[in-house]
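In: coords please:
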Amino acid sequence: MKFRNLLATIAVMVLLAAAALAQTAKLEGDVNGFDGKPLAGAIVKFHRIDIPTDLQTKSDKKGHFIYMGLAPGSSYKVTIVIDGKEIDSQTAHASLNEQDPMRFDLAKSKAAKDMQDAALNKAIQSGGQITPEMEKGLSSEQKDAIEKKLKDDAESIKKHKELNDDYAAGMTAMDQKQYDVAVASLEKASTLDPKQTAIWVNLADAYLADSAKKTGADKAAEIQKGMDAYGKAIELKPDEAAIHNNYGNALAKTGKYPEAMAEMTKAAQIDPPGAGKYYYNLGAILTNTGQTDAAFDFFQKAIDADPNYADAYYQRGVCLAAKAKSDESGKITPAPGTVEAFQKCLSFGDKCTHAQEAKDLISQLTGSVETDFKDPNAKKPATKKK
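Out: Numbering: from 1, shown residues only. Prediction:
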C-alpha cells in the first residue's frame, strides 16, 4: 500500500515537472542582410531587461533564429551583431502564446543609412563615381539611391551656379543702367528659382527703369510687368515691410497714389519700429500731389513714431510754410510752429539733410520779401560832377 502511494507521489511529481517545463517561453525571428537576402551566421544577442542576463545564438542559413527556455513575460533587448558591430535592435517580450517572428531588415537600419551616406560622401569626393570598393555591402536599391542622389546634386549645383551667374549679371547691369540687359538676366534667374524674393524685387525695379525708354503701349506693358514682379515678391513674403514700401514708391512714381498709400500704410503696420520712414514716404507722396494738409498729418505721424526723425520736422515746416501770410508791405507772418519746425530739424546737426534750405526759409520767414523787382544790370543814372 505504501509502495502504491509512493508510485502515485512520483507520478504527480513527474506531472508537475512536465508542467513546469511547459511553462518556458521562446523568442524567434528572421534576419535579412544589407542586400535584402536572408543572412546566415548573424550573432543574435538577448539582453534581459528586468533581471540583467545576456544570452546569444546565431541565425541559420535561412536567416532564422530561435531561443527557447526563456522566462514567460520577461523583456529582452534583441540585438543583431555583424563583424563585432551592433547593427540593429528591437525590444521583445517572451510569451507562452504563439507570436509573429521578429523581423530584422538590415537594409533599413541606421547602420545601412550610415553606410549609404559614407559611400555617397566618398562618391562625391571621387568626382561623383561609385567605385567597386564603395559598392561592397550596398544593396542594389541603395546603389540606385546613391546614383540618383549624385545626379540630382549635380543638376542642383549646375542650376545653383547658373542662378548666381544670372543674378550677378542682372545686378551688374542695373549698376551700369543697362536695364534691358538686367531684365533679361533677372528673368532667367526667376525661372531657375522662382522662390527668391530678391530676384523678383530687383526684376521689378529693372522693368520700371527700362520702361522710361519706352512709349505708349510698350511703356505701359513694361510698367505692368514691374508691378506684377512686385506682386510675386509680396506673395512670397507678405509680411516683409520693405517690399511693401518699395512697391508703394513704385506705384507713386506711376501716379497710382491711393494704391501707393495703401502699401505704405501696410508697411507701417507690419513694422511699427520703422513706421517713421513709411509715414514720411506717405507725406512725400501727398506733398507731390499738392495735398499739403494731409501730408502734414503724416509727417507728424512720422515724428510721433520716431521723435529723432530730423527731416520729418523739416517737411512739417514746409507744409506750415505754405500757410504763411504776408501784408501789403511784404512782411511775412508764418503759421504757428513753422520756424520752430525748421529749428528742430537743425538741432539734429548732420541728420538734417535739408539744413541749408531750413536756414534760408527761417531767414525768409523772419524777414521781409521785396515786392518791387529791380534789375541788377540796369545802368545807374549819371551823376553831375561838381
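
In: switch to C-alpha atoms for all contacts and neighbour counts from now on
Out: Fine.

In: quick check: domain ranges of this structure?
Out: 2-108, 129-238 (automatic domain parsing).

In: which of those is buried the deepest?
Out: Highest mean neighbour count among those (mean count of other C-alpha atoms under 10 Å): domain 129-238, with a mean of 18.

In: the domains of the chain: lowest mean pLDDT?
Out: In terms of average pLDDT, domain 2-108 trails the rest of these, at a mean of 80.

In: what packs against the helix or strand encompassing residue 199?
Out: Assessed by DSSP states H and E, residue 199 sits inside helix 197-211. Helix 197-211 is packed against helix 140-175, helix 179-192, helix 216-236, with contacts defined by 3 or more C-alpha pairs under 8 Å, 6 or more residues apart in numbering; DSSP states H and E.

In: in JSON lines: these, plus distance to residue 340.
Out: Listed next are those as JSON lines, based on distance: least, C-alpha to C-alpha, whole Å:
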{"stretch": "helix 140-175", "distance to residue 340": "41"}
{"stretch": "helix 179-192", "distance to residue 340": "44"}
{"stretch": "helix 216-236", "distance to residue 340": "40"}
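
In: please identify which of those is closest to residue 276.
Out: helix 216-236 (21.3 Å; C-alpha to C-alpha).

In: which other helices and strands does that closest one contact?
Out: helix 197-211, helix 241-253.

In: quick one: the longest one to helix 216-236, angle?
Out: Here helix 197-211 runs at 170 degrees with respect to helix 216-236, directions being taken by axes from the mean of the first three to the mean of the last three C-alpha atoms, to 10 degrees.

In: can you give me how far helix 197-211 is from the chain middle?
Out: 21 Å (C-alpha atoms, centre = their mean, to the nearest Å).

In: going forward, begin numbering at 20 instead of 1
Out: Right, with 20 as the first residue, what we last looked at is helix 216-230.

In: so what touches that helix?
Out: The contact list for helix 216-230, computed with C-alpha atoms under 8 Å, 6 or more residues apart in numbering, reads 186, 190, 193, 198-199, 201-202, 205-206, 208-209, 237-239, 241-242, 244-249, 251-252, 255-256, 262, 269.

In: could you redo the last one with a cut-off of 6 Å?
Out: 198, 202, 205, 238, 241-242, 245, 248-249, 252 (C-alpha atoms under 6 Å, 6 or more residues apart in numbering).

In: can you check the last one too?
Out: Contacts of helix 260-272 from elsewhere in the structure, counted by C-alpha under 6 Å, 6+ apart, are 279, 282-283, 286, 289.

In: the helix holding residue 218 to helix 198-211, inter-axis angle?
Out: 150 degrees.

In: need the domains of the chain in TSV with distance to residue 274, can you?
Out: Output for the domains of the chain, formatted as TSV (distance: least, C-alpha to C-alpha, whole Å):
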stretch	distance to residue 274
domain 21-127	63
domain 148-257	12
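
In: circling back to that earlier point, send me the helix holding residue 218 as CSV with only the CA atoms.
Out: C-alpha atoms of helix 216-230 as CSV (Å, rounded to 0.1, in the frame of the first residue of the first chain):
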residue,chain,number,x,y,z
THR,A,216,12.2,87.3,-53.3
ALA,A,217,15.3,89.4,-54.1
ILE,A,218,15.2,88.3,-57.7
TRP,A,219,11.5,89.5,-58.1
VAL,A,220,12.1,92.8,-56.3
ASN,A,221,15.2,93.7,-58.5
LEU,A,222,13.4,92.4,-61.6
ALA,A,223,10.5,94.8,-60.8
ASP,A,224,12.9,97.7,-60.5
ALA,A,225,14.6,96.7,-63.7
TYR,A,226,11.2,96.6,-65.6
LEU,A,227,10.2,100.0,-64.2
ALA,A,228,13.6,101.6,-65.0
ASP,A,229,13.5,100.1,-68.5
SER,A,230,10.0,101.5,-69.1
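
In: what's the angle from it to helix 260-272?
Out: 10 degrees.

In: please enumerate the strands of the chain.
Out: 44-51, 62-67, 72-77, 83-89, 94-101, 104-112, 121-124, 344-345, 351-352 (DSSP state E).

In: check which helices and strands the last one sits against.
Out: Packed against strand 351-352 by the contact rule (3 or more C-alpha pairs under 6 Å, 6 or more residues apart in numbering; DSSP states H and E) you find strand 344-345.
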